[in-house]
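1. Build me a model from this:
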Amino acid sequence: MPNPEDVKATIKNYILEEFLPGEDPDELTDAVELMTMGILDSISVMQLVSFMEEKFDCSFDAHELSVDHMNTLEDITKLVCSKL
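-> As a prediction, the model looks like this:
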């Protein structure tokens, strides 16, 4: 089972590559509100979920794809780790 820091780093790298190309990685902290700030919209959330399901061999329920579970790197990491 990967440790939470590895999970977070993998997710952060994916978000930076796919949704924030060219951005300073140091700017994407655990507290950045990805959904409420518009970095992740419904389509990008589905792309991210698809990546996480494949990368971590897990699945997510529809109710988990909300701002309550997917707004920050910390939220997303907790959600993924709860599935491992």
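2. what sits against V49?
-> Taking Cβ atoms under 8 Å, 6 or more residues apart in numbering, we find V49 in contact with 60, 65. For every residue, glycine as well, the C-beta is placed using N, CA and C.
3. distance of it from E27?
-> As judged by Cβ to Cβ, to the nearest Å, V49 and E27 stand 23 Å apart.
4. Same check on E33?
-> E33 is 13 Å from E27, by Cβ to Cβ.
5. and those two? which has more neighbours close in?
-> Shown here are E33 and E27; by other Cβ atoms under 10 Å, E33 has more neighbours (13 against 9).
6. Settle this for me: that one is touching M70, isn't it.
-> No - E33 lies out of contact with M70 (Cβ atoms under 8 Å); the separation is 10.3 Å.
7. Now find how far off-centre whichever helix or strand L48 is part of is within its chain.
-> Element membership of L48 [criterion: DSSP states H and E] is helix 42-56. Centroid separation between helix 42-56 and its chain, computed with Cα atoms, centre = their mean, to the nearest Å, is 8 Å.
8. model confidence over it, on average?
-> Regarding helix 42-56, the rounded mean pLDDT is 96.
9. Quick check: buried residues in that helix?
-> By neighbour count on 16 or more other Cβ atoms under 10 Å, the buried set for helix 42-56 is 44-45, 48-49, 52, 56.
10. which residues of this protein score low on pLDDT?
-> Along the chain, segments meeting pLDDT under 70 span 1.
11. Can you identify each of the helices in it by residue range?
-> 4-19, 42-56, 67-70, 73-83 (DSSP state H).
12. list the contacts for S50?
-> Neighbour list for S50: empty [criterion: Cβ under 8 Å, 6+ apart].
13. is it true that T77 touches K8?
-> Yes - with contacts counted by Cβ under 8 Å, T77 reaches K8, the gap being 4.4 Å.
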